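1. structure for this input, please:
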Amino acid sequence: MASDAQGNRPLSEEELQELVASSDAGARNPVGSVGLFLAIVAVIWSVFQVVLASPVSNLLLPGSVVNNSRQIHLAFAIFLAYAAYPALKSSPRSYIPIQDWIFALAGTVIAMYGYIFYQKIVDSGGLADDMDKWFALAGLILLFEAARRALGPAMAIIATIFLAYVFFGSSEWVPEVIRWKGASLKKAMSHMWITSEGVFGIALGVSTKFVFLFVLFGALLDKAGAGNYFIKMAFGALGHLRGGPAKAAVVGSAATGLISGSSIANVVTTGTFTIPLMKRVGFTSEQAGSVEVASSVNGQIMPPVMGAAAFLMVEYVGISYVEVITHAFLPAAISYIALVYIVHLEAVKRNMPTLGNRVVSMGRTIGGMALFFAGFAALCYGVQYPVKWITSAMPGASGLTLAALVFAAYVALLWLASGVDDLVPDDPNAKEVELPVVGEIYKAGLHYLLPIIVLVYFLMIEQKSPGLSAFWATALLFVILLTQKPLKAIFRGQSNMANSFMEGVHDLWNGLIDGARNMIGIALATATAGVIVGTVTLTGVGQVMSELVEFVSGGNLILMLVMVGILSLVLGMGLPTTANYIVVSSLMAGVVVELGAQSGLIVPLIAVHLFVFYFGIMADVTPPVGLASFAAAAVSGGDAIRTGFTAFFYSLRTVALPFVFIFNTDLLLIDVNWIQGILVAISATIAILVFTAGTMGYFVSRSRIYESVLLIFAAFALFRPDFFMDRMMPPYAEVPPAQLVQALDEAEAGAEFRITVEGPDFDTSEIKSTTMILTADGSGGQQAVDAYGLLLLEEDGVVKLDEPMFGTPAAPSLESFDFYADEPVQVATIQAPASQLPKELIFIPALLLVALVALMQRGRSREQKGVPA
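-> Residues are numbered from 1 along each chain as shown. Modelled structure (predicted):
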């Protein structure tokens, strides 16, 4: 397949589906009774996960099954991995060799070891005996081989290196800076396989509880026809504009990103239609592929699903799911807006033609789309009021009543859909391209929005768990798949109801299979990444990494962030996004927070996790292993490496944004009110558009180098107005440490004091520092100090600190200090809030600078056209 892409021959539809299958769901597809058996296993896995997520799982499933669901989840994944993924390129595709059957069954039994011998493990206190350790070792070997088949060799190699470090970390050939005492085979196997610290840890738990349901939800929504509907709507709205196919590709990929966790599947799903049309209006093969790659990869940063990372962040950061997607929303949204603008600038630069003969107003199109999304958001938000009224009016029957109302809404929308023809995929290579008219086709798929509304309602309004929210949305999709075709037949007066119902059953069956097969790689990735996380917790290598990174970066936070970004990119070249995120966040998230505090910058943990995640997804783009770029090149017939580099250039905003929100957490909507949030959204949108114009070398007309520099500088000022305001009017004033209590007494409630503490490190005895935030609560200075956990002792003009009480807010920040060394731990500096003009005033000169560049380019453009100024 690679040779086809390099030979500039677009792959056929069959070859593209094989490409997606081999990377996402397994290249082997046996027929006959074996194929039916594997399909049944996949369907059983999907049904098991749906029942597990249901509110009545404790009634339908034994307690032992619920408690050991991670083991059962992994058992299904390992079995299907050996059945669906051939061992080698030369291995058979049409049948399963006997050795793979043996590996599959052995892997299944050993994955279920904790379930089968649950009582024995409980009685031994979770400590492995000789039998346990050998079973665990065999399990790890089988897991690594399954991961190698499903995810490529990198995942298994990295996990093996970490496991080797557990055993041989005490050897002399290990550099002294990362050397540790080592562990016995029994200790290591107990940690990795028997306890919940390793393979069966948080990551696999998230995969079991949440991720499967969302992947299944996406597969079923696609089977229902939503993917084609979203693409059609995007082309109907944007296809007639200049560069329209590319703009439609971006919007279509944003919509399908909601229902597809895979960059590669997204590229092929939307790319088979969008890429030929992009080439038709003047994009090169590489540019067309790059636009599709950039927009498809961005689907993973778009809430509410974000691959699987959103659910992992809930567990790792310790905040609610609603908070995670609230923080992630604005960067993802402006990133997509910037990509549409990139496409627009490319089209204007090249003076590309439009498709079709309809004249469409850009302003009306954008206004209509904004109105649609605002209306959809208002509907998701407003539905809570009638729900509350029904719940209070009929508490005993509210569930049935609401279900009946949702079904009635579904039937009404389906009746609307029956009045127009069913949507079929268009041929992008047809001589005359007839782009759809939104006003004529929108009715055909309005019912697909209902499951999304249900999902968003339960997540955002009811704030139920992601698993339960996805369960109700998936349950509605079961109903839609089984009934939409028969009900349409009734509404249209057709008599083929039985055939229509069987088609729905067939769609549901295939959706359940696709959901399970798409989960194989994610389940194995989270399980294998558990070995890496287990190594970090067992060996304490995270602390060593902190010291190593601090030494290499010289304590410079920006240099350290660059290093973390590069590490994410390098690891991501062989790891799927989810595994990459788990590995890098486990190793580096705490390091960034700690070194940020030492540099005087308080970095919220969610900002660091999003930083790591953004760079992890870029690995799908960047050569030499950018799988999404290779898939796009296979569709377009372009060069894969050039496609990757062009896609990376188009994705520069995805590289820049993480650095912005580390230093300006307003972009993540952290501690901002509604008015501030709206202002941040507007300024960030303008900033990303100006940054895009600067990097693309085109604004009103082609930019000169100094104009591009000015635009990027203006974008920086819009993104970081505090950078300039802090230099003109420092935001903090120095307070003598001895006057902390007095300053807190005089401060307004909510004022944040930055306290820098210095003292000897517990491990190295070297003097280090950290910065903490103490908020005045209006109750008095001494009460605030006591509540925070600071035990102050003034001696000889120095304010010393005693070890804080366990469980106080100060304890985590100070736990690495040695309070019993000769050198005291002391308060070095205190900074109290100072009066400062609003940082938003910086927007005025920044916008004037943008206007100046626009005027210069407009004047030059008019001169070139011979129009008097």
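2. all helices for the stretch 151-300 of the chain, in order.
-> Per DSSP state H, counting those that start in this stretch, the stretch 151-300 of the chain carries helices over the ranges 153-168, 185-189, 202-206, 212-224, 226-238, 244-257, 263-280, 285-298.
3. got TSV for the ones you listed, with distance to D777 and mean pLDDT too?
-> Where C-beta positions appear, they are placed from N, C-alpha and C, glycine not excepted. Formatted as TSV, these follow (distance: least, Cβ to Cβ, whole Å; pLDDT from 0 to 100):
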stretch	distance to D777	mean pLDDT
helix 153-168	44	87
helix 185-189	46	87
helix 202-206	33	88
helix 212-224	40	87
helix 226-238	48	82
helix 244-257	42	76
helix 263-280	46	76
helix 285-298	41	84
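4. P576 is in contact with G616, correct?
-> No. The criterion here is Cβ atoms under 8 Å, and G616 misses it with P576 at 9.1 Å.
5. neighbour count: the two, which is higher?
-> Between G616 and P576, P576 has the larger neighbour count (other Cβ atoms under 10 Å), namely 32 against 29.
6. what residues are up against the more buried one?
-> For P576, the contact set (Cβ atoms under 8 Å, 6 or more residues apart in numbering) comprises L151, M155, G521, I522, A525.
7. again with V199
-> Counting by Cβ under 8 Å, 6+ apart, V199 touches L74, G139, L140, L143, M192, W193, A527, T528, G530, V531, G534.
8. check those and tell me the two furthest apart.
-> Spatially, the most separated pair among the contacts of V199 is L74 and G534, at 14.4 Å (Cβ to Cβ).
9. ok, the two, which is more surrounded?
-> Using other Cβ under 10 Å as the criterion, L74 and G534 rank with L74 on top: 29 against 26.
10. returning to what we had before: and the helices of the stretch 151-300 of the chain as TSV, adding mean neighbour count?
-> Shown next, in TSV, are the helices of the stretch 151-300 of the chain (neighbours: other Cβ atoms under 10 Å):
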stretch	mean neighbour count
helix 153-168	19
helix 185-189	19
helix 202-206	25
helix 212-224	26
helix 226-238	24
helix 244-257	28
helix 263-280	26
helix 285-298	30
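11. relative to G781, which of the ones you listed is closest?
-> G781 lies closest to helix 202-206 among those, at 39.7 Å (Cβ to Cβ).
12. can you give me how far the closest one is from the chain middle?
-> 15 Å (Cα atoms, centre = their mean, to the nearest Å).
13. quick one: list the elements packing against it.
-> On a contact count with 3 or more Cβ pairs under 8 Å, 6 or more residues apart in numbering; DSSP states H and E, helix 202-206 meets helix 69-84, helix 309-317, helix 497-539.
14. any idea of the mean pLDDT in the first one?
-> The one in question is helix 69-84. The pLDDT scores in helix 69-84 average 94.
15. with the shortest one instead?
-> Helix 309-317 shows an average pLDDT of 82 in the prediction.
16. do the last one as well
-> Helix 497-539 carries an average pLDDT of 89.
17. quick one: the helix or strand that comes right after that helix to chain centroid distance?
-> Where DSSP states H and E defines the elements, the next helix or strand beyond helix 497-539 is helix 541-553. Here the centre of helix 541-553 is set off from its chain's centre by 26 Å, with Cα atoms, centre = their mean.
18. ditto for stretch 309-325
-> The answer for stretch 309-325 is 11 Å, by Cα atoms, centre = their mean.
19. list the contacts of it.
-> For stretch 309-325, the external contacting residues (Cβ under 8 Å, 6+ apart) are 202-203, 205-206, 209-211, 214, 300, 303-304, 306, 328, 459-460, 463, 465-466, 577-578, 581-582, 585, 589, 605-606, 609-610, 613.
20. just give me the residue right at the centre of the protein.
-> In the chain, the residue lying closest to the centroid (Cα atoms, centre = their mean) is M306, at 3.2 Å.
21. ok, that one touching Q300?
-> Yes. M306 is within contact range of Q300, at 6.1 Å (criterion: Cβ under 8 Å).
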